[in-house]
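In: give me a 3D structure for the following:
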Amino acid sequence: MIPIMHDLLLDESEIQYEFVRAAGPGGQNVNKVATAVQLRFDVAGSPSLPEAVRQRLVRLAGKRLTGEGVLVIEARRFRTQEQNRQDALDRLVALLRRAAEPPKPRRPTKPTVASQERRLKSKRRRSEIKGARRAGTSDED
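Out: The predicted structure is shown next:
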């Protein structure tokens, strides 16, 4: 079990790893060894996630989420499989922690008296400008 939050645990069997060849530095190593990691986590079918966390995770995942609801995280920063696997897992846990935190409720604020006065003053000024345009024209049909 992977601890996400104090009340949220993720079963390791829900995560699949696929190792692929990575581009970039590494010399011959990069051509011979599949060090890059693709971590796959089925968000839609995971029994570990509460519905609220699942919905926030879908929104946070963005383009990393496939049409079937599978989250794909690619890690190719390091030259070893193990480091890349750990990097992908750390990124998944960080994403899940962000999704597990409920958003702070928005408290509507009142506009200040000064801001209301500024708004009304600019509306009066605009009205005077438009009124002056109207007064300058005449109906000559």
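
In: strands of this structure, start to end?
Out: Using DSSP state E, the strands of the chain run over 2-5, 8-10, 15-20, 36-42, 70-75.

In: which strands and helices lie in contact with the third one?
Out: Right, the one you point to is strand 15-20. Under the contact criterion of 3 or more CB pairs under 8 Å, 6 or more residues apart in numbering; DSSP states H and E, strand 15-20 touches strand 36-42, helix 81-100. For every residue, glycine as well, the C-beta is placed using N, CA and C.

In: ok, residues contacting the first one?
Out: Applying CB atoms under 8 Å, 6 or more residues apart in numbering, the contact partners of strand 36-42 are 14-22, 68-76, 81, 84-85, 87-89, 91-92.

In: buried ones only from those, please, as a PyMOL command.
Out: To isolate the buried ones among those in PyMOL, judged by 16 or more other CB atoms under 10 Å, type:
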select buried, resi 14+15+22+70+71+72+73+74+75+76+81+84+85+87+88+89+92
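
In: of the strands of the chain, which is nearest residue 102?
Out: Residue 102 lies closest, by CB to CB, to one member of these: strand 2-5, at 11.0 Å.

In: returning to that earlier point: out of the strands of the chain, the one nearest residue 133 is which?
Out: Closest to residue 133 of the strands of the chain is strand 70-75 (CB to CB; 57.7 Å).

In: next, the angle from the closest one to strand 36-42.
Out: 160 degrees (axes from the mean of the first three to the mean of the last three CA atoms, to 10 degrees).

In: and the contacts of strand 70-75?
Out: Against strand 70-75 from outside (CB under 8 Å, 6+ apart): 36-44, 57, 61, 64-66, 84-85, 87-88, 91-92, 95.

In: same deal with stretch 97-111?
Out: Taking CB under 8 Å, 6+ apart as the rule, stretch 97-111 contacts 4-5, 8, 52-54, 56-57, 60, 119.

In: got JSON lines for those, with distance to residue 106, neighbour count and pLDDT too?
Out: As requested, the contacts of stretch 97-111 are exported to JSON lines (distance: CB to CB, whole Å; neighbours: other CB atoms under 10 Å; pLDDT from 0 to 100):
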{"residue": "4", "distance to residue 106": "25", "neighbour count": "20", "pLDDT": "69"}
{"residue": "5", "distance to residue 106": "23", "neighbour count": "13", "pLDDT": "66"}
{"residue": "8", "distance to residue 106": "24", "neighbour count": "16", "pLDDT": "74"}
{"residue": "52", "distance to residue 106": "17", "neighbour count": "12", "pLDDT": "80"}
{"residue": "53", "distance to residue 106": "20", "neighbour count": "22", "pLDDT": "78"}
{"residue": "54", "distance to residue 106": "22", "neighbour count": "16", "pLDDT": "77"}
{"residue": "56", "distance to residue 106": "16", "neighbour count": "20", "pLDDT": "81"}
{"residue": "57", "distance to residue 106": "21", "neighbour count": "20", "pLDDT": "78"}
{"residue": "60", "distance to residue 106": "18", "neighbour count": "14", "pLDDT": "81"}
{"residue": "119", "distance to residue 106": "21", "neighbour count": "11", "pLDDT": "96"}
